[in-house]
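> sequence first, predicted model second:
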Amino acid sequence: MKRSSTCSRLSCCHARDVKVEIDDSMLQQFQYLDPKTTRVQHLVDDFVDVIGELPADPTPADVPMLASHHSLRGQVGEEFARAQDDLTALENKIPSASRR
């Protein structure tokens, strides 16, 4: 069976004229990672990269490059606390009979 070239060209033209808009409002409920958590994860990755670039025997002159990451410990601690709060909230939503 031979396809009409007019038909295939016509369907291609229509496909380009269709405007598509994605409504992601229903997807929010499936977003399991808080964007703040992801941001802190990237900061930790950056810190690991900085540590990896240090010489085997770092000198005091190498330490200032680590100073920019001094707040990282607090941010990681906040993320652990937030995760613990999330787990506690989840446990409170589970009926007590199913916990046994």
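Perfect, I can see it now.
> which residues touch the helix ranked longest in the chain?
Across the chain, the longest stretch assigned as helix under DSSP state H is helix 72-93. Residues outside helix 72-93 that contact it (C-beta atoms under 8 Å, 6 or more residues apart in numbering): 34, 36-37, 40, 43-44, 47, 99. No exception for glycine: its C-beta is placed from N, CA and C like everyone else's.
> buried ones in it, by neighbour count?
residue 79 (16 or more other C-beta atoms under 10 Å).
> where's the residue nearest to residue 51 when sequence neighbours are not counted, which helix or strand?
Spatially, and ignoring its direct neighbours in sequence, residue 51 is nearest to residue 66 (7.8 Å; C-beta to C-beta, 6 or more residues apart in numbering). Taking DSSP states H and E as the definition, one finds residue 66 inside helix 64-67.
> which other residues reach that helix?
50-51, 54.
> just the CA trace of it, in CSV.
C-alpha atoms of helix 64-67 as CSV (Å, rounded to 0.1, in the frame of the first residue of the first chain):
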residue,chain,number,x,y,z
PRO,A,64,40.2,28.9,53.7
MET,A,65,38.7,27.1,50.7
LEU,A,66,36.7,25.1,53.3
ALA,A,67,35.5,28.1,55.2
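> so what's the gap between the longest helix of the chain and the chain middle?
16 Å (C-alpha atoms, centre = their mean, to the nearest Å).
> the helix holding residue 66: how far from the chain's middle?
On C-alpha atoms, centre = their mean, the centre of helix 64-67 falls 26 Å from that of its chain.
> for the record, mean pLDDT for that helix?
The average pLDDT for helix 64-67 rounds to 74.
> what residues of that helix count as buried?
In helix 64-67, no residue is buried by neighbour count (16+ other C-beta under 10 Å).
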